[in-house]
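> I need the structure of the sequence given here:
(chains A and B)
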Amino acid sequence: MPSNPDASTSLSTEVKNSRPVSPSRSVWKRIRKNRALYLLLFPILAGMLLFQYYPAFKAFYRSFYKWDGRRATWVGLLNFEYFFSDSHLMVAWANIFQLLAFRVIVVITVPVLAAYLIFRLPKPRHRYVYRVLFVIPIVVPGVVQVMLWKWFYSLNGAINFLLRSVGLDSWTRLWLGDFDTALYALMFMGFPWVGGVTMLIYLAGLMAIPREVLDAALVDGATGFKRFWFVELPLIQGQIKLQVMLTVIGGLQDFYRIQIMTNGGPGWATMVPGLRMFHAYQQLDLGYASAIGLVLFILIFTLTVINQRYISGSVEIR
Amino acid sequence: MMNQKRLTRRMFLRILALVMLSVTVASCAPSTVTVEVTKEVQVKETVIVEGTPEVVEKVVTATPEPTPEMSGQISILWWHDLKYYEEDPIKYSTQYGPPYVMLQEWKEAHPGIEVELISHPIDGTEYQWITTNLIAGTLPDLVMGWPSGDLEKFLEDPENQGLVYDMQEDMQEPNPYGSAPTWEEEFPLPLSLAQGRIPWTDSDSAHFIGQYKTGQQGAVVFYYNKDMFSAAGIEEAPATWADLMDVSEKLKEAGYTAYYADGTKACCSIRWCFDWGFDQLMDPVIQEMARAINPEKADCDPTDTSCLRITDEERSWAVTKGLWRADDPQYLEMVRLMKEWTPYWNEDWLAPEDLGDGGYWFASRVAIWQNGVWALNRVIETEERDFEFGTFAFPEITEESTEYATGAPIRRHGGLTGGGNGNSFFIPTTTVERGNLPIVLDYLQYITSAEAHERFCDYQYPPCVPIGQTVEDVVTDPKELDRLSGFFNPPMTQEHVVRYLSWPGASQDAFNRLFIEYATDRISLEEFGAQLQVEFEREAEKLIAENPGWDTASWPEP
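Numbers count the residues shown, from 1 in each chain, chains lettered A, B, ... in the order given. Here you go, the predicted structure:
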């Protein structure tokens, strides 16, 4: 027993307060205690439920129907049968995985390198200048960039012009109209792929590394590439993992750039599932579009879970 | 001690009240934009002066006697944006000149009425836009729609028929702006070769009325560069497919590119050529398809497109019964012929530059460009063009080109039943609920009077050609005849309007892509047919599943 009477009082209070409370009661207590905040959150939540969750649920539900937006006829798994028997859609999946693989490789290399180079600049002012330079292109609307690249790739566009000017006429081609080059042309779009926001995220991660860690590494003889590979890169794993996840999610859904550049052509050479889904929507085959959407959702969800659960996102500093 | 601010109940209620007040004020703000009506309106019109269209300015005054004063506000939807005419009367004169001018006149006569002009997207989703808004009850008071094709199909559905007002009873009353005993007797409108009123169910209903053009309106033609033709030693526009190949070869030898095609777009530089060609080569199949299911069509005049337009049910029947197959040599022949033409297309047809509508042709990068009558005024007046031009229609496919020629008449998109020309108006029933029906009917009566259509002919270009006459009777200037030839030879009467063998939607998309693969030698013609047949069967299966009301069990054998 403590000798301090106040302590005993506080102890008894502590004992009283430590009486187990059922989980539901504690949840309600917390809600009641913060009811103003929950009330403020409610409109946002209601909006999300109404405009995001409900349409998604409705779409998944309608994937078992032939649906033109007005009439819905139950067809069971017919849409999914089409999905898996559509040889052209299989081409679309192959395309998207190739595009995705390339984008993931790009997103974990070039922006990291750019961020690291900026991070290593000795003067803060120089770091600031380069940061701004890499970020300014973000303000250009995405569609404008896509249209620009479309022109680059045209028969009389910048790329062919450059090739002709250095005497490589035989290398010129219709980059987006050639079955053999169209998909790679889409991959190459956006070169040098620094990606302002991605680079900033990596840079922020590098700048958040405690100074002591870097000093300790220096003391241990880790300089230059060794320091980068064994110290700095592992410490921004969280950022890398985030970017990979976002790239996968965005890449699987992405189609607007392909729609503008090639509309999935020539033939099906650059078709992707998202674009096929959009075409189905335009053709008022909403049930089939919903089926494609459902499959995409399952795939993205699975990849996200794998990424979260099995790929380490942080390194502990001891 | 730090003063911690908490969200008190009073503060929360104040914030909530402020938000509610803002929402209320925002929702009360007027959402409509009214069009100012002034006493006199200066407008630009395209008139024909000594055979040449010219844009003149004039002041518009009300022609008709003002009807008993009506007041209110109505909204009208046009196929495209009528306000374009204000911005560029040259470019949009053919399409919008007459209706724009007449709308101003009607507004002058009804100063108490405000008119809001609304446009819908023109990116291929017009049908979806109209139907979803029709279902939602949010369409304008008067809607310009294309009564054939998807919209007609939509409104043939008994579930949807109650969404559109039937003007049949009103048509039994006199048109105050007309001279016939009843409004119905004003039709067919003078100089119109098709019914101005297009009933979509039977002769006892009138859900679509009027069109905003009149006369023979051959909508889609090939515009060609006469200077290039002359330089290549070509004296006449091609009349047959063999001529077209010959012309293309001569142009190529002279260093020119014959035709502009865009392989990235579903419509129309390539697709419409297929539609026209299939209509000729597959004529016997189409005739049988069109009459197979509906006994009322059994007695159709073979030249009557409005009667013989193919429905989805008939397409599904034909595929299911094996009458229409994608691997049929008769069908594949048009595919083969088009492939033969591809070497004469722009080199980058698989991914052309974005030079705008007609950019390649105006820049003299190609000799032939497919487009419609809506481009005619721009083609005539624009400074982009520094060459002389002519027009010709899709050529006849004869035995000189293929053993599968049928001798069927040339058919193409356009005419009074074609989209862009054949748009008529319909009234959503929500207009009646809003109390705007009298105003809307008055406007329709104004623009569909016989006198109004005389005035359409005054404004519009190409000129009207009276029934029984030819364009050579009306137009004598050789240069103008060359320019207009494609629209009138053959005349865009009912028997020259395409019947749409091709399937819309996923099948059409697959067709386009498969053609590209075939044209670039990635697949053979047989593989093309086999893969397309899979799409045909899938489309038929899908449509049958979507339409449980079809009595497929009683479908006859071909």
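> near residue 222, how many other residues are there?
You didn't pick a chain, so chain A it is. Residues lying near A:Ala222 (other C-beta atoms under 10 Å in any protein chain shown) number 17. Yep, even glycine has a C-beta here, placed from its N, CA and C like the rest.
> oops, I was thinking of chain B
By other C-beta under 10 Å, the residues close to B:Phe222 number 22.
> partners of the helix or strand containing it in the sheet?
Taking DSSP states H and E as the criterion, B:Phe222 maps to strand B:220-225. As defined by DSSP bridges, the strand partners of strand B:220-225 come to strand B:368-372 (antiparallel), strand B:389-392 (antiparallel).
> against chain A, how distant is B:Arg483?
Distance, B:Arg483 to chain A, by C-beta to the nearest C-beta, to the nearest Å: 30 Å.
> I'd like the strands paired with strand B:220-225 as JSON lines, with distance to A:Ala36, mean pLDDT and mean neighbour count appended.
Shown next, in JSON lines, are those (distance: least, C-beta to C-beta, whole Å; pLDDT from 0 to 100; neighbours: other C-beta atoms under 10 Å in any protein chain shown):
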{"stretch": "strand B:368-372", "distance to A:Ala36": "63", "mean pLDDT": "93", "mean neighbour count": "23"}
{"stretch": "strand B:389-392", "distance to A:Ala36": "72", "mean pLDDT": "94", "mean neighbour count": "22"}
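> dump the ones you listed into a markdown table; add distance to A:Gly190 as well.
Below are the strands paired with strand B:220-225 laid out as a markdown table (distance: least, C-beta to C-beta, whole Å):
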| stretch | distance to A:Gly190 |
| --- | --- |
| strand B:368-372 | 34 |
| strand B:389-392 | 41 |
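> who in the stretch 1-150 of chain A is up against chain B?
A:36-37, A:39-40, A:66, A:68-71, A:73, A:75, A:78, A:82, A:88, A:147, A:150 (C-beta under 8 Å from any C-beta of the partner chain).
> pLDDT weak spots in the stretch 201-350 of chain B?
Flagging of the stretch 201-350 of chain B using pLDDT under 70 yields the residue ranges B:201-205, B:210-218, B:302-308.
> residue in it nearest to chain A?
In the stretch 201-350 of chain B, the residue that lies nearest chain A is B:Leu350 (3.0 Å; C-beta to the nearest C-beta).
> for the stretch 201-318 of chain A, give the residue positioned nearest to chain B.
Closest to chain B within the stretch 201-318 of chain A is A:Gln283: 3.9 Å, counting by C-beta to the nearest C-beta.
> which non-adjacent residue is nearest that residue?
What sits nearest to A:Gln283 in space, not counting adjacent residues and going by C-beta to C-beta, 6 or more residues apart in numbering or on different chains, is B:Gly505, at 3.9 Å.
> how about the secondary structure of B:Asp521?
coil (DSSP: H, G, I helix; E, B strand; the rest coil).
> state the distance from it to chain A.
10 Å.
> count of neighbours near that residue?
Look at B:Asp521: counted by other C-beta under 10 Å, it has 8 neighbours.
> ok so, going back, the residues of the stretch 1-150 of chain A next to chain B: which two are farthest apart?
With distances taken as C-beta to C-beta, the most widely separated pair in the residues of the stretch 1-150 of chain A next to chain B is A:Ala36 and A:His88, at 54.8 Å.
> now, of the residues of the stretch 1-150 of chain A next to chain B, which are buried?
Using 16 or more other C-beta atoms under 10 Å in any protein chain shown as the burial test, these include A:36, A:66, A:68, A:75, A:78, A:82, A:88, A:150 as buried.
> can you put the residues you listed in a markdown table and add pLDDT and secondary structure?
A markdown table is the format used below for those (pLDDT from 0 to 100; DSSP: H, G, I helix; E, B strand; the rest coil):
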| residue | pLDDT | secondary structure |
| --- | --- | --- |
| A:Ala36 | 89 | helix |
| A:Lys66 | 84 | strand |
| A:Asp68 | 75 | coil |
| A:Val75 | 85 | coil |
| A:Leu78 | 86 | helix |
| A:Tyr82 | 84 | helix |
| A:His88 | 84 | helix |
| A:Lys150 | 93 | helix |
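> just the residues you listed now: which is nearest A:Phe225?
Nearest to A:Phe225 among these is A:Lys150, at 39.0 Å by C-beta to C-beta.
> quick one, what contacts that closest one?
When contacts are counted by C-beta atoms under 8 Å, 6 or more residues apart in numbering or on different chains, A:Lys150 touches A:176, A:260-261, B:354.
> of those - the most surrounded one?
Tallying neighbours with other C-beta under 10 Å puts A:Leu176 at the head of these, with 30 neighbours.
> what ranges does chain B have for its strands?
Counting by DSSP state E, the segments of chain B that form strands are B:41-49, B:52-60, B:72-78, B:113-119, B:142-145, B:220-225, B:368-372, B:389-392, B:424-426.
> worst average pLDDT in these?
Lowest mean pLDDT of the strands of chain B: strand B:41-49, a mean of 49.
> enumerate every residue touching the residue nearest to B:Leu525 when sequence neighbours are not counted.
Nearest non-adjacent residue to B:Leu525, counting by C-beta to C-beta, 6+ apart: B:Leu332, 5.6 Å away. By C-beta under 8 Å, 6+ apart, B:Leu332 lies in contact with B:326, B:525, B:528-529.
> now the residues you listed: which count as buried?
The neighbour count (16+ other C-beta under 10 Å) marks B:326, B:528-529 as buried among the contacts of B:Leu332.
> that older thread, got the contact list for the residue of the stretch 201-350 of chain B closest to chain A?
Applying C-beta under 8 Å, 6+ apart, the residues near B:Leu350 are A:174, A:176-178, A:265-266, B:263-264, B:516, B:520.
> then A:Pro192?
Here A:Pro192 is in contact with A:Val110 (criterion: C-beta under 8 Å, 6+ apart).
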